[in-house]
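Q: Predicted model, plus sequence, below.
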Amino acid sequence: MSQSKTRNSKAVSYNKWGYIFLIPFIVVYLLFQLVPLVTTIYYSFFDYYRMGLVYYGPFANGINNYTQIINDGYIFTYFKNTIIMWIIGFVPQILVSLLLGAWFSDNRLRLKGESFFKTVIYLPNLIMASAFAMLFFTLTSERGPINQILTGLHIIKEPYIFLDHTAGARGLVGFMNFIMWFGNTTILLLAGMLGIDVSLFEAAEVDGATSNQKFFRITLPLLRPILVYVLITSLIGGLQMFDVPQILTKGSGAPMETTKTLIMYLNEYIKITKNYGMAGAISVILFVLTGILSVIVFQFSDNKTKVK
């Protein structure tokens, strides 16, 4: 009995340190996430804005902010814009990341300078989005290097103004997001691939499986949890897309607001009209949309990963 009591007391003492180390996270979460979330939801039911230096409100108005947003219909348009530009960037991002991860994790290839290439593909993730947007704004301008090369090679007769065309502007935003984030996705998928038991591939080779069969029947099924994680985090980041289209189009969402995102729409109420009640309602709707899409992704993903 004495030994069991001693073990229990040691377990309790060790658990105490775990709770102590959790305290900073809990405090930060309460102060900077939970409290602002509750405050945002609260003020979304009020008419609360600022004109000059004078604040008006908060005056309770029920769900009027929500009904006005839905009746205006702009939020649906900007939601569509956001999803389209996210898809344009995410599809090549996941495909290229899977390809690079398969190359780097294949010991038979014995790639030279593997560490160097891993570092290089991750570097764009460290560059500020504002710097990236200014760089591509200069590269794709009317007299920028890209138009000069295309016209010099007689591929196009006149300079192509990307921000004057819906496809060009959305494609540019999507391509920039792809360049910035595919390195991070590659590292995540590569970590998952390196964690797969090598004996599974060896057994498949003995059975005469080809490289494609091993990839689609072993690697992909076992990568499913990481793929779901990448999809959800990328989706959340895509719904929060702001800095690239904001800087690239100077906040206008050109052409004709086809690149204006949900956060740019929210920013108008915070920075321009100073209508904090409407901004709170948009934030709540964005929060709900994010939750719904995340649940849909979970529903379509099978948590039981099986190797076929």
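A: Done, it's in.
Q: Residue 114: how many residues sit nearby?
A: Neighbour count of residue 114, defined by other CB atoms under 10 Å: 12. From N, CA and C alone the C-beta is placed, and that goes for glycine too.
Q: my guess is it meets residue 104, correct?
A: Yes. The pair formed by residue 114 and residue 104 meets the contact definition of CB atoms under 8 Å, at 6.1 Å.
Q: Please enumerate residues in contact with the helix or strand hosting residue 119?
A: For residue 119, the enclosing helix or strand under DSSP states H and E is helix 114-122. The contact list for helix 114-122, computed with CB atoms under 8 Å, 6 or more residues apart in numbering, reads 100, 104, 111, 182, 183, 184, 186, 187, 190.
Q: Am I right that the first one sits in a helix?
A: In this case it means residue 100. Yes. Assessed with DSSP: H, G, I helix; E, B strand; the rest coil, residue 100 lies in a helix.
Q: Contact partners for it?
A: Neighbours of residue 100 in contact, by CB under 8 Å, 6+ apart: 121, 186, 190.
Q: again, only this time at 10 Å
A: For residue 100, the contact set (CB atoms under 10 Å, 6 or more residues apart in numbering) comprises 117, 118, 121, 182, 183, 185, 186, 187, 189, 190.
Q: what about the third one, distance to residue 150?
A: Spelled out, that is residue 121. 26 Å (CB to CB, to the nearest Å).
Q: then stretch 78-97 to CSV, C-alphas only?
A: Included here for stretch 78-97 are C-alpha records, laid out as CSV according to Å, rounded to 0.1, in the frame of the first residue of the first chain:
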residue,chain,number,x,y,z
TYR,A,78,-17.0,38.7,-51.6
PHE,A,79,-17.3,35.2,-50.2
LYS,A,80,-17.3,33.9,-53.8
ASN,A,81,-14.3,36.0,-54.7
THR,A,82,-12.4,34.8,-51.6
ILE,A,83,-13.1,31.1,-52.3
ILE,A,84,-12.2,31.3,-56.0
MET,A,85,-8.9,33.0,-55.3
TRP,A,86,-8.2,30.5,-52.5
ILE,A,87,-8.9,27.5,-54.9
ILE,A,88,-6.6,29.0,-57.6
GLY,A,89,-3.8,29.1,-55.1
PHE,A,90,-4.5,25.9,-53.1
VAL,A,91,-4.9,23.4,-55.9
PRO,A,92,-1.4,23.9,-57.4
GLN,A,93,0.0,24.3,-53.9
ILE,A,94,-1.1,20.8,-52.7
LEU,A,95,-0.1,19.1,-56.0
VAL,A,96,3.3,20.6,-56.1
SER,A,97,3.8,19.9,-52.4
